[in-house]
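# Show me how the following folds:
(4 chains)
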There are 2 protein chains.
Amino acid sequence: MAATDQAYDAIRQALVTGDYPAGAHLREEELAATIGVSRTPIREALRRLDAEGILKFVRNRGATVPEWSERDVGEIFELRALLESYSARLAAERIDDDVLARLGELADQMDELRISPRSKRFDAITELNNQFHRGILVAADNRRLIPLLAGVVQIPLVLQTFRRYTADDLQHSFQQHRDVLQALRNHDADWAEAAMRAHLYAGRNVFLRAPAGGRRPADRRPTTTRQ
Amino acid sequence: MAATDQAYDAIRQALVTGDYPAGAHLREEELAATIGVSRTPIREALRRLDAEGILKFVRNRGATVPEWSERDVGEIFELRALLESYSARLAAERIDDDVLARLGELADQMDELRISPRSKRFDAITELNNQFHRGILVAADNRRLIPLLAGVVQIPLVLQTFRRYTADDLQHSFQQHRDVLQALRNHDADWAEAAMRAHLYAGRNVFLRAPAGGRRPADRRPTTTRQ
DNA sequence: TCCCCCACTATTGTATACAAAGTTCGAGAC
DNA sequence: GTCTCGAACTTTGTATACAATAGTGGGGGA
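Residues are numbered from 1 along each chain as shown, chains lettered A, B, ... in the order given. Below you'll find the model as predicted:
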């Protein structure tokens, strides 16, 4: 694989899994040594990740892991709701039976995972959920929508959504997937749009409610190394 | 100014003003010589422009000026309508009198330019129009919305919109600005959203109708240098 | 004559060296 | 004791050299 792509994947993976704390400063030399390439591909990868909003890149100061305020969370879910409900609307008009079948399988698999051990299921559910949402996005068949949404949903915050879900939250979420799916099967654009919007607002609510028995993550101040 | 920013501005400017034909291959060495920096900042600028969708960057093949099909135009205006009407909705709820006054001035200035010579007024109108739309976007006060919209409106295609406008088109367009402005003054979110959407759909129509007495631009096949 | 393959050239990809900017920390003035 | 200035150090920014890859064209064989 090319060095730039390798660097991109490695840094992105580290960010998504939360290896670097919010506010942390990513030194190019250090990343280069860890990943085993020179600074040049590292810098290109950082630029790309910056453009995607996964990290912040400031001139002469390098890259830092962004922190997400409650306001950011609100804005992000609002935009997700806007774009993904539009995506669901388009998909309802265009989706074919093969994709519908595939989405049905994904929904089934997520349901089955509800009874798995908590630790094991998290990554699997995240992956299936991403595939479900992405499947609808692809079915919407609007090429510009894909990179646009990437700037909103690819952030670690969103990808970690399910860590905050209780068993009840999961059941609700999966039931909402079923709603969206049925709307798509019926090729009912209004329903699909509304169901997707409802699904994402519910997701936002999980984020913004205070978690029981602990500080809410948005309040956590980072143990920053610099800045 | 830093070399990377210099390269970014220069290349972006050239793309926006149409110096490079659609499909053209941008060679790094050549750009470096023209702009007077080395290939390193050129590459960083190209990556950034690629992320913004202004050009396409393919591994081992470098950067090319994208071509826009009729379908692309449709998708882009549809997404603009989605995001900017949302922007207008938010702005209607939050905008203050200072910004309203500023938008009013911009609308006045655009009206005055309607009687200027055609060649002179194009750049000025484009600039004022951008400021008007951007003013609303900023008033919407959603930080994530700004980079998101950049990926849709910053493309040369959109920035050149007014080249296709007749005198009548201009008058219509400016009248629609007045509509949006009045809706904002009234803090009427529904109206603002609808007026902005109507404005952008009308803009799309100018693009997609066949220009009188010639082939439509989307049909033009490029005299590509490579690829 | 046509087609395929290989060498050659043009162009991009990566590493490294040096320049510039930012940060840190201690010495000196007050 | 505290504040300020600046020198040393750290980190990023840019240039350049070399490596790898993709396009090009000519020669040989069928």
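# Next one: A:Leu79 relative to DNA strand C, how far apart?
As for A:Leu79, its distance to DNA strand C is 31 Å (criterion: Cβ to the nearest atom of the strand, to the nearest Å). Using the backbone N, CA and C atoms, a C-beta is placed for each residue, glycine as well.
# Grab the nearest non-local neighbour of that residue.
A:Val152 (5.1 Å; Cβ to Cβ, 6 or more residues apart in numbering or on different chains).
# Go ahead and confirm the one you found touches A:Leu82.
No - using Cβ atoms under 8 Å, A:Val152 is not in contact with A:Leu82, being 9.2 Å away.
# More neighbours: which of these two?
A direct count of neighbours by other Cβ atoms under 10 Å in any protein chain shown for A:Val152 and A:Leu82 places A:Val152 higher, at 24 against 19.
# any idea of the mean pLDDT in the helix or strand harbouring that one?
Taking DSSP states H and E as the definition, A:Val152 sits inside helix A:145-153. What helix A:145-153 shows for mean pLDDT is 88.
# Only alpha carbons, please: show that helix as PDB.
Once non-C-alpha atoms are left out, helix A:145-153 reads as follows in PDB (Å, rounded to 0.1, in the frame of the first residue of the first chain):
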ATOM      1  CA  LEU A 145     -24.000  13.600  -1.000                       C
ATOM      2  CA  ILE A 146     -21.500  10.900   0.000                       C
ATOM      3  CA  PRO A 147     -18.500  13.000   0.600                       C
ATOM      4  CA  LEU A 148     -20.700  15.700   2.100                       C
ATOM      5  CA  LEU A 149     -22.100  13.300   4.800                       C
ATOM      6  CA  ALA A 150     -18.600  12.000   5.400                       C
ATOM      7  CA  GLY A 151     -17.700  15.400   6.800                       C
ATOM      8  CA  VAL A 152     -20.500  15.000   9.400                       C
ATOM      9  CA  VAL A 153     -20.600  11.300  10.300                       C
END
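# From the contact counts, what lies against that helix?
helix A:70-94, helix A:118-140, helix B:70-94, helix B:145-153 (3 or more Cβ pairs under 8 Å, 6 or more residues apart in numbering or on different chains; DSSP states H and E).
# between those, which one is nearest to DNA strand D?
helix B:145-153 (18.8 Å; Cβ to the nearest atom of the strand).
# after the closest one, next one along is what?
Taking DSSP H and E, what comes next after helix B:145-153 is helix B:156-159.
# what residues does that following helix touch?
Outside helix B:156-159, the residues that touch it by Cβ atoms under 8 Å, 6 or more residues apart in numbering or on different chains are B:15-18, B:54, B:68, B:72-73, B:76, B:80, B:126, B:130, B:152-153.
# What subset of those is buried?
B:15-16, B:54, B:68, B:72-73, B:76, B:80, B:126, B:152-153 (16 or more other Cβ atoms under 10 Å in any protein chain shown).
# Show me which pair in those is furthest apart.
Spanning the widest gap among the buried ones among the contacts of helix B:156-159 are B:Asp72 and B:Thr126, at 20.2 Å by Cβ to Cβ.
# OK, contacts around the closest residue to chain B within chain A?
Scanning chain A for the residue nearest chain B gives A:Ala51, at 3.2 Å (criterion: Cβ to the nearest Cβ). By Cβ under 8 Å, 6+ apart, the contact list for A:Ala51 reads B:47-48, B:51-52.
# go again using 7 Å as the cut-off
B:48, B:51 (Cβ atoms under 7 Å, 6 or more residues apart in numbering or on different chains).
# about what we covered before: present the contacts of helix B:156-159 as TSV; the columns should include distance to A:Asn142.
Putting those into TSV (distance: Cβ to Cβ, whole Å) gives the following:
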residue	distance to A:Asn142
B:Leu15	23
B:Val16	24
B:Thr17	28
B:Gly18	26
B:Ile54	19
B:Trp68	14
B:Asp72	10
B:Val73	12
B:Ile76	10
B:Arg80	12
B:Thr126	26
B:Asn130	24
B:Val152	11
B:Val153	16
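# In this structure A:Arg114 contacts A:Leu170, no?
Yes - shown here, A:Arg114 and A:Leu170 form a contact pair, counting by Cβ atoms under 7 Å, at 5.7 Å.
# So for those two, which sits in the more crowded spot?
Neighbours per residue (other Cβ under 10 Å) separate A:Arg114 from A:Leu170, with A:Leu170 holding more: 17 against 12.
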